[in-house]
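Novice: 3D, please:
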Amino acid sequence: MRINKIYSLKKQAIYLVTGKIGAFIINFMIPIILVRLFTVEQYGQYRQVLLISLLFIPIIKFGIPNSLFYFYPIQKTRDELNELLSNFTYGLTLLVFVVLLLAYFVKDSLLKLLNIQASSNIIIYILLYIFFMVSSSIIEKIFIVEKKSKTLVIFFISDQIVRAFFLLFAVFYNHLFP
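Specialist: Numbers count the residues shown, from 1 in each chain. Just a heads-up that it's a prediction; the model follows:
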């Protein structure tokens with residue numbers, strides 16, 4: 001079975017921009033809410049954790065999700081495409097999991113290196129955040145190459161809502177930043 005549908009690049013771009021704008025609005029609201037809930041020190045720790053996470057995410061991804069645009073062929077059967085996508089997804093997820101597992105075992109040295117004064121449990125939240133961010137970038141690229149633009153809009157917005165929910169859950173119930 002061949003995939004021969006012709007998709008309008010303009011229409012796909014409009015969906016992509018719409019989803020990114022929706023995600024940006026939600027992402028813009030999170031700090032506004034958190035600044036009201038945190039003390040100055042707690043908000044500073046939150047920003048430090050976010051900065052460290054956002055520093056390591058591109059390093060851990062190694063640019064692999066973007067390589068899917070090159071390796072995703074247009075004229076392949078559905079079984080071959082499914083095999084490519086599953087190998088890509090499982091391979092990158094395993095790579096990220098191994099890197100983060102290694103980081104967990106050297107967490108005390110990592111905290112000293114990054115000059116984080118918080119408890120060593122904060123590294124678990126950093127590693128979980130990195131893992132889920134990389135996982136969501138994999139899903140995003142798959143939706144783009146599969147030309148599922150409408151699903152991508154829903155994914156962008158729901159991804160930000162779920163992130164905001166778990167962040168607020170961690171703040172209220174787990175006292176992420178005591």
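
Novice: neighbours around the closest residue to V35 other than its chain neighbours, how many?
Specialist: Nearest non-adjacent residue to V35, counting by Cβ to Cβ, 6 or more residues apart in numbering: Y43, 5.8 Å away. Every C-beta, even on glycine, is put in place using the N, C-alpha and C of the backbone. Other residues near Y43 come to 16 when the count uses other Cβ atoms under 10 Å.

Novice: buried residues in the helix or strand containing Y43, which are they?
Specialist: Using DSSP states H and E, Y43 sits in helix 40-61. Across helix 40-61, burial judged by 16 or more other Cβ atoms under 10 Å covers Q42, Y43, Q45, Y46, Q48, V49, I52, S53, F56, I57, I60, K61.

Novice: of all those residues, which comes closest to L9?
Specialist: Relative to L9, the closest of those is K61; by Cβ to Cβ it sits at 25.2 Å.

Novice: just to revisit the earlier point, what's the helix holding Y43 packed up against?
Specialist: In this structure, helix 40-61 makes packing contacts with helix 9-37, helix 78-105, helix 122-145, judged by 3 or more Cβ pairs under 8 Å, 6 or more residues apart in numbering; DSSP states H and E.
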